[in-house]
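1. 3D, please:
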Amino acid sequence: MATRERNERRYPHWEELPGGGRRYWKIRPGGDFGWQRMVKVVDENEVTIRIVQEILEDSGDLIESHQKFPRDTGHFVHGLE
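-> Numbers count the residues shown, from 1 in each chain. The predicted structure is shown next:
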């Protein structure tokens, strides 16, 4: 289990959530365009609830997301609903 200090080192951005949990994220340039944002949501004990990879356009609009934990749900393309 990761500690709060370890999560803060790995994810330079975070926000407090109601109930004592946190939402951590880090942003990296995409391969060909845009950005990749990795999001980790933990409970008040720093136990991981969800990990999601998000792909964003240069403008910041969400293109697609991929939940990786607790269950890999594959890619979801936004805007095609």
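2. and the residue positioned nearest the centre of the chain, what pLDDT?
-> A centroid search over the chain (CA atoms, centre = their mean) returns V39, at 1.1 Å, as the residue closest to the centre. At V39, the predicted lDDT confidence score is 98.
3. which strand residues bridge it?
-> Per DSSP bridges, the residues bridged to V39 are W25, V52.
4. wouldn't it be in contact with I49 here?
-> No - at 10.8 Å, V39 does not count as touching I49 under the criterion of CB atoms under 8 Å. Just so you know, the C-beta spots here come from the backbone N, C-alpha and C atoms, and that holds for glycine as well.
5. the helix or strand of the chain with the lowest mean pLDDT: partners in the sheet, and parallel or antiparallel?
-> Lowest mean confidence among the helices and strands of the chain (mean pLDDT, DSSP states H and E): strand 74-77, at a mean of 86. Each strand paired with strand 74-77, and its direction, by DSSP bridges: strand 62-69 (antiparallel).
6. buried sites along the strand it pairs with?
-> I63, S65, Q67, K68 (16 or more other CB atoms under 10 Å).
7. do you have the helices of this structure handy? List them.
-> In the chain, the helices defined using DSSP state H lie at 4-10.
8. where in it is pLDDT low?
-> 80-81 (pLDDT under 70).
9. rerun at 90
-> 1-2, 30-33, 60, 74-81 (pLDDT under 90).
10. how distant is stretch 35-44 from the center of its chain?
-> Centroid separation for stretch 35-44 versus its chain: 3 Å, with CA atoms, centre = their mean, to the nearest Å.
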